[in-house]
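K.L.:
sequence and predicted structure are below.
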Amino acid sequence: RQMNCRRCLEIAAFHLLCGSRCAIADQPLDGNLRQALDNVVSQIVAKPNVVNSVALVESKNFHWAGAAGLADPKTRRPMTPQHQFRTASVAKTFTAIIILQLIEEGKLRMDDRVADLLRPQLRTLEQTAGSLNIFNGVQHGADLTLKHLLTHRSGVPDYFFSKSTNGPQHGKSFIDVAFTDFGGPKSREIVNRHWEPIDLLKYFYDNKLGIDASFAPGQGFLYSDTNYLLLGLIAENASGTLLSSSVRKRILEPLSMADTYYEWREPRKGNRLSHHFLLLKNVNLDIVDQDLASSAEWANGGMVTTAADLNRFIRGIFHGRLFKDQETLNLLVDPRSGSTFTPPHPYFDNAPFRFNAYTFGLARWQVLDKYECWGHKGYWGIGMFYFPKLDTSIICVDNQVSENVNDFRDSLVRVLAANGHLSLEKAEGTKR
């Protein structure tokens, strides 16, 4: 497959891709470095089940973006750096930032009880917080705090992956039903219905998922989509506005992220969604072509964006554009705020996507045993990373569930290091 790379060689093109807030490179990008980065993207697409890929790198000295493959294999439309993609769990970082902003404004506190914060929804469903976490037969949900949810230390089971203990889905998870008989009536019934956030919480209670809690609140780490579903509801209660409206007003508009939106919740922005794939029973399924709705993702994963917009977002966080208080950013990147892991921890059982710390919607990695980076990954093959000591951001997308996007990132880092662009000695004075 031929490389289809778009670069920011001209100032005008640079502004179109990055927005007027990005710093213009001090020097032209070295031809050898550009070719080496282009080659990494081409090599990702050369893998058997990867159809397209896009990557972006920005440092203090240069900006590069490249893409390869086909955004849509049916129309043979080439992939470009401007193509959109579904964020999957990268959306959790947006939710966490909103919660942290509301804490800065005094509308929430880290030690607030979830039972109090979700009182309207619990009243509507005639449920209690206690049954969100039932560990060893004892209800612990009343002890849940906002911080437990943010840091995945709640023990609350994941509504996507935990198996039902009640009703017609007994013994099966949401994902089991969605993909075991992919495209069949039961699959389409659960995937294609329009899920409001309250419906997802009802699904959790109706299927008695809380009985599968892994530990009492604060006693361990379990990456769970339910945590961020609850945080989305809490953000709406505390702000008095829809989560999508808060994210647009507080993040997307200030950072000029014009190509990002909540799918199924907002009008579509643009018409450039690249296709993403899932290898299932030796068939490489085109999820976009299957026309499956994904409204069951929301505060935990229901956004569409571009590489340039994600780059604006992660740099906006670390350059202090989204917080009033520097201390908020300090807490965000302090591993003591959440959990640290030795050896590195997987996102979920047997996953290769391992990190060594997780705080408030951000994970930390030690890349090539040398470079610290923070960011988040998404299920569909999405990676958003920032290296604070180097003021370098990397966005990489392979749109394939079965691939490890960490490998994509690491290949780009190797190229940057080999070309002298990741010198820790030269990083003095870098913004954090």
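P.N.:
Now that the structure is in, tell me what you want to look at. These numbers were taken from a predicted model, which means no experiment stands behind them.
K.L.:
for Leu56, give me phi and psi.
P.N.:
phi -140, psi 140 (degrees, to the nearest 10).
K.L.:
rounded mean pLDDT for stretch 52-65, please.
P.N.:
Here stretch 52-65 scores 95 as its mean pLDDT.
K.L.:
so for that stretch, what gets flagged as buried?
P.N.:
52-60, 62-65 (16 or more other C-beta atoms under 10 Å). In this view, the C-beta of every residue, glycine as well, is placed from N, C-alpha and C.
K.L.:
pull the CA atoms of that stretch into PDB?
P.N.:
Provided in PDB are the C-alpha atoms of stretch 52-65 (Å, rounded to 0.1, in the frame of the first residue of the first chain):
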ATOM      1  CA  ASN A  52      -5.300   2.400   7.600                       C
ATOM      2  CA  SER A  53      -3.200   4.300  10.100                       C
ATOM      3  CA  VAL A  54      -2.400   7.900  11.000                       C
ATOM      4  CA  ALA A  55       0.100   9.500  13.300                       C
ATOM      5  CA  LEU A  56       1.200  12.900  14.400                       C
ATOM      6  CA  VAL A  57       4.200  14.100  16.300                       C
ATOM      7  CA  GLU A  58       4.800  17.600  17.700                       C
ATOM      8  CA  SER A  59       7.800  18.800  19.600                       C
ATOM      9  CA  LYS A  60       9.300  22.200  20.400                       C
ATOM     10  CA  ASN A  61      11.100  22.100  17.100                       C
ATOM     11  CA  PHE A  62       8.900  20.500  14.500                       C
ATOM     12  CA  HIS A  63       5.500  19.100  13.600                       C
ATOM     13  CA  TRP A  64       4.800  16.100  11.400                       C
ATOM     14  CA  ALA A  65       1.700  14.200  10.400                       C
END
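K.L.:
from the buried residues of stretch 52-65, which is closest to Asn284?
P.N.:
Asn52 (12.2 Å; C-beta to C-beta).
K.L.:
which residues touch that closest one?
P.N.:
Taking C-beta atoms under 8 Å, 6 or more residues apart in numbering, we find Asn52 in contact with Val45, Ala67, Ala68, Gly69, Leu70, Ala71, Met79, His83, Ser274, His275, Asp398, Asn399.
K.L.:
low-confidence stretches in the chain?
P.N.:
Applying pLDDT under 70 to the chain picks out residues 1-28, 291-293, 346-353, 424-432.
K.L.:
spatially central residue for it, please.
P.N.:
By C-alpha atoms, centre = their mean, the chain has its centre lying nearest to Val90, at 0.9 Å.
K.L.:
related to what we said a few turns ago, as JSON lines, the contacts of Asn52 with neighbour count would be great.
P.N.:
Below are those laid out as JSON lines (neighbours: other C-beta atoms under 10 Å):
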{"residue": "Val45", "neighbour count": "23"}
{"residue": "Ala67", "neighbour count": "27"}
{"residue": "Ala68", "neighbour count": "27"}
{"residue": "Gly69", "neighbour count": "25"}
{"residue": "Leu70", "neighbour count": "18"}
{"residue": "Ala71", "neighbour count": "25"}
{"residue": "Met79", "neighbour count": "30"}
{"residue": "His83", "neighbour count": "23"}
{"residue": "Ser274", "neighbour count": "27"}
{"residue": "His275", "neighbour count": "24"}
{"residue": "Asp398", "neighbour count": "30"}
{"residue": "Asn399", "neighbour count": "30"}
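K.L.:
could you dump those into TSV with distance to Thr128 and secondary structure added?
P.N.:
TSV is the format used below for the contacts of Asn52 (distance: C-beta to C-beta, whole Å; DSSP: H, G, I helix; E, B strand; the rest coil):
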residue	distance to Thr128	secondary structure
Val45	50	helix
Ala67	49	strand
Ala68	51	strand
Gly69	49	strand
Leu70	50	strand
Ala71	47	strand
Met79	48	coil
His83	45	coil
Ser274	43	coil
His275	43	coil
Asp398	42	coil
Asn399	41	coil
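K.L.:
with distance to Thr226 as extra columns, can I get these in CSV?
P.N.:
CSV is the format used below for the contacts of Asn52 (distance: C-beta to C-beta, whole Å):
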residue, distance to Thr226
Val45, 35
Ala67, 34
Ala68, 36
Gly69, 34
Leu70, 35
Ala71, 32
Met79, 33
His83, 31
Ser274, 28
His275, 28
Asp398, 27
Asn399, 26
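K.L.:
endpoint to endpoint, stretch 43-60 covers what distance?
P.N.:
Stretch 43-60 has an end-to-end distance of 26 Å (criterion: C-alpha to C-alpha, to the nearest Å).
K.L.:
got it, and stretch 157-172?
P.N.:
14 Å.
K.L.:
what sits up against that stretch?
P.N.:
The set of residues external to stretch 157-172 that reach it, using C-beta under 8 Å, 6+ apart, is 173-177, 180, 200, 203-204, 206-214, 222-226, 229, 296, 348.
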